[in-house]
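[1] From the sequence below, what's the structure:
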Amino acid sequence: MFKKLNRMHKIMLAILVAFIVWMLFFDENSYLTHRELDKELEKLESETNYYKKEIKKDKKMIEDLKNPKTLEKFAREKYKMKRKKEEIYLIEFDTIKED
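    Residues are numbered from 1 along each chain as shown. From the prediction side, this is the model:
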């Protein structure tokens, strides 16, 4: 196949191959750079989705805590708060079984 090509065609083919190799691996906008950027973009999109879900969950919690009874329940369970003249006893169970 290459024997039928004249000298000019061989030079053009070599330049074309060199150009393609340069564009795929060495250029600023190379295929490898685009692959890395695509991976980073996917990671950032997944983080964005995670934080959107967390924001939605937090907004729901804020709405729920506007109710005084829910707020009191949250304060008692999360921060162990109590009313005046009230005693709280915390009972913790050991989940590790000893032989």
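
[2] Regarding Glu92, what is its secondary structure?
    Classification of Glu92 by DSSP: H, G, I helix; E, B strand; the rest coil places it in coil.

[3] residues near it, how many?
    Look at Glu92: counted by other Cβ atoms under 10 Å, it has 5 neighbours. Bear in mind the C-beta positions are built from the backbone N, C-alpha and C, glycine included.

[4] ok, now the one 5 residues further on?
    Burial of Lys97, expressed as a neighbour count using other Cβ under 10 Å, amounts to 5.

[5] Now do the same contact list for it.
    By Cβ atoms under 8 Å, 6 or more residues apart in numbering, the contact list for Lys97 is empty.

[6] One more: Tyr31?
    Per Cβ under 8 Å, 6+ apart, neighbours of Tyr31: Met23, Leu24, Phe25.

[7] any idea how far it is from Phe19?
    Distance of Tyr31 to Phe19, computed by Cβ to Cβ, to the nearest Å: 13 Å.

[8] what's the following helix or strand after the lengthiest helix in the chain?
    Looking across the chain with DSSP state H, the single longest helix is helix 31-65. Counting by DSSP states H and E, the next helix or strand C-terminal to helix 31-65 is helix 68-79.

[9] still on that earlier bit, give me the mean pLDDT for the longest helix of the chain.
    Averaging pLDDT along helix 31-65 gives 94.

[10] when you compare where it runs with where helix 68-79 runs, what's the angle?
    120 degrees (axes from the mean of the first three to the mean of the last three Cα atoms, to 10 degrees).

[11] what's the burial count for the residue nearest to Asp64 when sequence neighbours are not counted?
    Leaving aside its sequence neighbours, Asp64 sits nearest to Thr70 (Cβ to Cβ, 6 or more residues apart in numbering; 5.0 Å). Thr70: 13 surrounding residues under other Cβ under 10 Å.
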